[in-house]
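1. show me the folded form of this:
(chains A and B)
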Amino acid sequence: MTHSFATETSRNDRVSPQLPARAGAGLKGEHVLQILETRPDIGFFEVHAENYMGAGGVPHRQLEAIRRDYPISLHGVGLSIGAERPLDTDHLQRLKSLNERYEPGLFSEHLAWSTHDTTYFNDLLPVPYDEATLSRVCDHIDGVQETLGRRMLLENPSTYIAFEQSSMTELEFLKRIVERTGCGLLLDVNNVHVSCVNHERSAEDYLDAFPMAAVGELHLGGHAPDEDDAGRPLLIDAHDRAVDDAVWRLYERVVDKWGPLPTLVEWDNDVPAWPVLLAEADAADSILARRGKEEARLVG
Amino acid sequence: MSVDGQPAAPALPEFSEALLDTSLPVPSGVVGPDGKPAPKRFTVYRNNVVVSLVEAIEQTFPAVQRMIGEDYFKALAREFVVEKPPKSPVLMWYGAEFPAFLETFEPLAAYPYLADVARVEWNWLQAYHAEDAMPLSPEELAEVAPDALGNMTFKIHPAAIVVESAWPILSFVAVNRFLPDDDMAIDLKDAQSVLITRPDLDVELMLLRPGGALFLEQLRSGSTLGQAAEAASVGVENFDLSGVLTDFLSAGVFRTLAS
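-> Take a look at the predicted model:
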């Protein structure tokens, strides 16, 4: 295996950390060499923070090479902000180190939990939407933002069940988190579609009521269709295929109404060849560009 | 429904217990859109947890997987995941206990070398993610005056580690992970100890000469070259000091040198 990226000099000393209002792609190890060889015109790359928590070696060398030429977004999947236990301070320190080392344009995490007691479940598990959970989640977000010294974005979840004990809607829950913590939101349009189908709600109504002023990034990804106990459609947030047409339509609705925002295409399982993922990002880019041109025309 | 403003009973302990223990009922208060209990919906979470953790184990131990077959490995990894789920959200650190689990797994007692093969794969991953460091070059060592050599001590490179075994574990790993088309004959009586290093980005595996493991252990604990060579010679016929040193230098075992 050759590591041509290790010694290559790069176009830019270091690009600005800011994410442009363009499409980006989730960075996969198997794509890195091709990306560094072909230098695609893409807005940014997003990485899962936990994949870069080793001390050294290939992952860091690759990410350094990517970071020299592209802005990156750092996306945590293991902080367990919704957990009952306090935040894992070691994990938070690791996130802080990555933030300092790579200067990502954005840092985001999930409205979910993945750790209970000492067990890490490696899944984004749902929280009940009640006062006790709200207060705990807000405390945890305060802790993250204080430690990292920056505003974080919180991602809306895809869920398969509801808790009987919930006393407010997901939207109300998210709005109150934003009010109390000042954090931003990451609007995952695929999650909106998945959750709204699963809970038999209107995705359009959900999006129209979403606190868009707080949104700093959009996510798109693929989901897998299944059925629930009663034979009703149940969508699984699998990130294992192309973005669904229904999700593209919702995405266009968001961009048309609110203007262009940095947009990530996620593809984490059954990862395709790089050109396939790049084509998905290009499709998002053309929706963003169309809207950008309209804005320019209106202003001009 | 709880009354607004009142803290509700904690839901997460019951939820988390039922994730890995499928004998437990679906947690109370977990419902579908009709407000009715939703066991199949809950099963999605159970599957996500177990399947993703099994995949993590599969990725770390591909040689063991190939040796016992994909289906058997999946079932085995499933048992391991349920018994020893990860404690850290950093999954590159998950699986340290898998070799010991294999060792005590009764149905595989006829394959006692599997645990050591897994140890090589676990340590391969540790070397892959180890801190970057430039290894000591042979030229740096050559500059030392011959009569001063015996008093030198070494700082060991952060990626360098040894797996000792009574089994041909390097051959097993080579054939089942790195050279899958190779049909080299493996002699079960061939005891192999493996040196794992990562001088730059690529992890390297090398067969250790007799006494090499003890020699490295001595140097790691701060013994001088002379002391380590003497210790390694005990119980090893014709300990090949210059051969071992040449191997160590070419594999990048040392980080720095001190007198």
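
2. residues from the stretch 101-250 of chain B in reach of chain A?
-> B:Tyr128, B:His129, B:Ala130, B:Glu131, B:Asp132, B:Ala133, B:Pro158, B:Arg198, B:Asp200, B:Leu201, B:Asp202 (Cβ under 8 Å from any Cβ of the partner chain). All C-beta spots, glycine's among them, are computed from the backbone N, C-alpha and C.

3. please redo it, this time with the cut-off set to 7 Å
-> B:Tyr128, B:His129, B:Ala130, B:Glu131, B:Asp132, B:Arg198, B:Leu201, B:Asp202 (Cβ under 7 Å from any Cβ of the partner chain).

4. dump these into TSV; add neighbour count, secondary structure and pLDDT as well.
-> TSV is the format used below for those (neighbours: other Cβ atoms under 10 Å in any protein chain shown; DSSP: H, G, I helix; E, B strand; the rest coil; pLDDT from 0 to 100):
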residue	neighbour count	secondary structure	pLDDT
B:Tyr128	19	helix	98
B:His129	21	helix	98
B:Ala130	22	coil	98
B:Glu131	14	coil	98
B:Asp132	14	coil	98
B:Arg198	28	coil	98
B:Leu201	18	coil	97
B:Asp202	14	coil	97
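
5. widest-spaced pair of the residues you listed?
-> Spanning the widest gap among those are B:Glu131 and B:Asp202, at 15.7 Å by Cβ to Cβ.

6. show me where the stretch 1-150 of chain B has helices.
-> Assigned by DSSP state H, counting those that start in this stretch, the stretch 1-150 of chain B shows helices spanning B:12-20, B:39-60, B:62-68, B:70-83, B:98-103, B:114-129, B:138-142.

7. what's the first one packed up against?
-> When you say that, I think you mean helix B:12-20. On a contact count with 3 or more Cβ pairs under 7 Å, 6 or more residues apart in numbering or on different chains; DSSP states H and E, helix B:12-20 meets strand A:113-116, strand A:119-125, helix B:39-60.

8. can I get those in TSV including distance to A:Ala238 and mean neighbour count?
-> Formatted as TSV, these follow (distance: least, Cβ to Cβ, whole Å; neighbours: other Cβ atoms under 10 Å in any protein chain shown):
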stretch	distance to A:Ala238	mean neighbour count
strand A:113-116	17	23
strand A:119-125	12	23
helix B:39-60	9	19
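
9. what's the closest of these to A:Gly54?
-> helix B:39-60 (13.0 Å).

10. ok, back up a step: in JSON lines: the helices of the stretch 1-150 of chain B, plus distance to B:Glu164.
-> Output for those, formatted as JSON lines (distance: least, Cβ to Cβ, whole Å):
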{"stretch": "helix B:12-20", "distance to B:Glu164": "34"}
{"stretch": "helix B:39-60", "distance to B:Glu164": "20"}
{"stretch": "helix B:62-68", "distance to B:Glu164": "17"}
{"stretch": "helix B:70-83", "distance to B:Glu164": "23"}
{"stretch": "helix B:98-103", "distance to B:Glu164": "13"}
{"stretch": "helix B:114-129", "distance to B:Glu164": "8"}
{"stretch": "helix B:138-142", "distance to B:Glu164": "25"}
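
11. closest one to A:Gly24 among the ones you listed?
-> helix B:39-60 (23.8 Å).

12. give me the residues contacting that closest one.
-> A:121-123, A:125, A:160-161, A:228-229, A:234, A:236, B:19-20, B:22, B:26, B:30, B:32, B:65, B:73-74, B:77-78, B:80-81, B:85-86, B:91, B:94-95, B:98, B:121-122, B:125 (Cβ atoms under 7 Å, 6 or more residues apart in numbering or on different chains).

13. only the buried subset of those, as a PyMOL command please.
-> Typed into PyMOL, the line below selects the buried ones among the contacts of helix B:39-60, using 16 or more other Cβ atoms under 10 Å in any protein chain shown:
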select buried, (chain A and resi 121+122+123+125+160+161+228+229+234+236) or (chain B and resi 19+20+26+30+32+65+73+77+80+81+85+86+91+94+95+98+121+122+125)
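
14. rewinding a little: of the helices of the stretch 1-150 of chain B, which is nearest B:Asp240?
-> Per Cβ to Cβ, nearest to B:Asp240 of the helices of the stretch 1-150 of chain B: helix B:138-142, 16.6 Å.

15. check which helices and strands whichever helix or strand comes after the closest one sits against.
-> Sequence-wise, the next helix or strand downstream of helix B:138-142 (DSSP states H and E) is strand B:153-156. Contact analysis of strand B:153-156 by 3+ Cβ pairs under 7 Å, 6+ apart lists helix B:212-220, strand B:254-258 as its packing neighbours.

16. want to throw the ones you listed into a markdown table with distance to A:Asp285, mean pLDDT and mean neighbour count?
-> Converted to a markdown table, the helices and strands packed on strand B:153-156 look like this (distance: least, Cβ to Cβ, whole Å; pLDDT from 0 to 100; neighbours: other Cβ atoms under 10 Å in any protein chain shown):
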| stretch | distance to A:Asp285 | mean pLDDT | mean neighbour count |
| --- | --- | --- | --- |
| helix B:212-220 | 53 | 97 | 21 |
| strand B:254-258 | 46 | 95 | 16 |
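
17. turn these into TSV, columns for distance to B:Leu53.
-> Shown next, in TSV, are these (distance: least, Cβ to Cβ, whole Å):
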stretch	distance to B:Leu53
helix B:212-220	32
strand B:254-258	34
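
18. so for A:Gln18, which of these sits nearest?
-> strand B:254-258 (38.6 Å).

19. is that closest one anywhere near chain A?
-> No. Judged by Cβ under 7 Å from any Cβ, strand B:254-258 and chain A are separated, with a smallest distance of 12.8 Å.

20. what lines up beside that strand in the sheet?
-> strand B:153-156 (antiparallel) (DSSP bridges).

21. what comes up buried for the strand it pairs with?
-> If you call a residue buried by 16+ other Cβ under 10 Å, then strand B:153-156 has these buried ones: B:Phe154, B:Ile156.

22. ok, residues contacting it?
-> B:Leu219, B:Arg220, B:Gly222, B:Thr224, B:Val253, B:Phe254, B:Arg255, B:Thr256, B:Leu257, B:Ala258.

23. who's the last one bridged to?
-> Read it as B:Ala258. B:Thr153.
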